[in-house]
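> No letters, just coordinates:
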Ligand SMILES: CC(C)(COP(=O)(O)OP(=O)(O)OC[C@H]1O[C@@H](n2cnc3c(N)ncnc32)[C@H](O)[C@@H]1OP(=O)(O)O)[C@@H](O)C(=O)NCCC(=O)NCCS
């Protein structure tokens with residue numbers, strides 16, 4: 001089974017085009033940025049703290065993932081707001097969520113209310129960018145070991161656990177578990193809570209190819225959300241969460257690879273909103 005939104009349309013972006021899509025999404029494999037080049041970009045673009053973080057990894061594989069993820073963030077945000085990669089400044093919330101610090105005088109393409117979220121796992125980096133909202137993203141590869149899957153399933157609601165157990169052991173069960181996991185991570189990351197939000201305090205009802213329903217946690221009953229699931233590369237699951245915005249075109253532009261320029265994007269229509277108070 002492939003989880004995709006309706007057929008995407010190819011489009012070439014006008015460099016001066018103002019963003020109309022609600023979400024811009026970049027998926028970049030580590031292999032897209034050769035290690036030597038990642039090192040050079042990091043030297044020029046990353047700040048002292050980021051370079052320090054990169055140097056603390058014990059394994060080269062983890063350091064590489066960090067460098068690709070953080071050069072991706074700086075490059076895509078530089079394209080988005082029209083400021084050099086090295087001039088972007090970030091701050092983190094008390095729960096570790098990074099935000100772009102507003103630039104003095106405002107950048108050429110505006111950065112007001114810009115939000116982004118990053119996920120990196122097993123050789124893939126995923127970055128979501130929105131304006132006027134929050135976004136949460138998560139990427140996971142399906143080749144996780146059974147013990148890890150058992151551990152994550154134990155964090156779900158009893159109904160979700162039953163739904164996962166209803167699939168055949170092995171790949172079908174892993175897929176169900178990781179679909180729920182990526183959706184839950186995307187939602188809690190959009191809210192800036194990460195794993196600080198217990199995963200059994202909110203729940204999803206899933207069909208084989210889409211989200212049917214979402215029961216939010218008690219502190220988020222007044223809003224609806226749109227959730228998009230994608231499998232941009234076979235065996236790599238992606239989930240995106242954004243609050244519903246009736247005033248904006250509910251579309252997403254998916255870019256593949258390192259953002260050297262404004263290459264072709266695939267456009268997806270975001271699924272109908274779910275959640276909100278009973279009878280919403
Ligand atoms: C956010 C969190 C779920 C990430 O889990 P993960 O599956 O390992 O990682 P992912 O690859 O999907 O995402 C990691 C990225 O999410 C972002 N992130 C970090 N904290 C975040 C938060 N609270 N909300 C949203 N995004 C967050 C960061 O960009 C991070 O990458 P970076 O550290 O390299 O910049 C987890 O780190 C978490 O729960 N953090 C909160 C911890 C907390 O509550 N701390 C309170 C102080 S003790």
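Looks like it arrived, so ask away. Just so we're clear, the structure is a prediction, and the values are computed from it rather than from any experiment. Residues are numbered from 1 along each chain as shown.

> which non-adjacent residue is nearest the residue nearest in space to the middle of the chain?
Central residue of the chain (C-alpha atoms, centre = their mean): residue 137, 2.0 Å from the mean position. In space, and not counting its chain neighbours, residue 137 is closest to residue 128: 4.1 Å by C-beta to C-beta, 6 or more residues apart in numbering. All C-beta spots, glycine's among them, are computed from the backbone N, C-alpha and C.

> Tell me the strands beside the stretch of helix or strand the one you found belongs to, with direction?
Per DSSP states H and E, residue 128 falls inside strand 124-131. In the sheet, strand 124-131 lines up against strand 23-29 (antiparallel), strand 114-121 (antiparallel) (DSSP bridges).

> Which residues does it contact?
Contact with strand 124-131 is made by 19, 22-30, 65, 68-69, 72-73, 76-77, 80, 110, 112-120, 135-139, 141, 233, 236, 238, 240, 242, as judged by C-beta atoms under 8 Å, 6 or more residues apart in numbering.

> next one: stretch 141-159
Contacts for stretch 141-159 (C-beta under 8 Å, 6+ apart): 121-124, 160-161, 164, 171, 173-175, 177-178, 180-181, 184, 198-200, 203, 205, 235-237.

> So which bits of the stretch 151-280 of the chain are right by the ligand?
185, 189, 192-196 (C-beta under 6 Å from any ligand atom).

> The nearest residue to residue 139 once chain neighbours are set aside - how many residues pack around it?
Nearest residue to residue 139 in three dimensions, chain neighbours excluded: residue 126, at 4.0 Å (C-beta to C-beta, 6+ apart). As a burial measure, residue 126 scores 27 neighbours (other C-beta atoms under 10 Å).

> now the angle from the helix or strand residue 172 falls within to strand 124-131?
Using DSSP H and E, residue 172 falls within helix 171-190. Going by axes from the mean of the first three to the mean of the last three C-alpha atoms, to 10 degrees, helix 171-190 is angled at 40 degrees with respect to strand 124-131.

> close enough to count as contact, residue 84 and residue 78?
Yes - between residue 84 and residue 78 there is a contact under C-beta atoms under 8 Å: 6.2 Å.

> Those two: who's more crowded?
For residue 84 and residue 78, the more surrounded residue by other C-beta under 10 Å is residue 78, and the numbers stand at 19 against 11.

> tell me which strands and helices whatever helix or strand that one lives in is in contact with?
Assigned by DSSP H and E, residue 78 falls within helix 60-81. Helices and strands touching helix 60-81, by 3 or more C-beta pairs under 8 Å, 6 or more residues apart in numbering; DSSP states H and E, are strand 23-29, helix 35-45, helix 48-56, strand 114-121, strand 124-131.

> Let's have the ones you listed in CSV, adding distance to the ligand and mean pLDDT.
Compiled in CSV, these are given as follows (distance: least, C-beta to the nearest ligand atom, whole Å; pLDDT from 0 to 100):
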stretch, distance to the ligand, mean pLDDT
strand 23-29, 13, 96
helix 35-45, 13, 95
helix 48-56, 7, 95
strand 114-121, 3, 96
strand 124-131, 8, 96
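
> most tightly surrounded among the ones you listed?
Each of these was scored by mean neighbour count; the highest is strand 124-131, a mean of 25, by mean count of other C-beta atoms under 10 Å.

> Please identify the buried residues of the following helix or strand past that strand?
On the C-terminal side of strand 124-131, the closest following helix or strand by DSSP H and E is strand 136-141. By neighbour count on 16 or more other C-beta atoms under 10 Å, the buried set for strand 136-141 is 136-140.

> just those residues that are near the ligand?
Of the residues in these, proximity to the ligand by C-beta under 6 Å from any ligand atom holds for residue 138.
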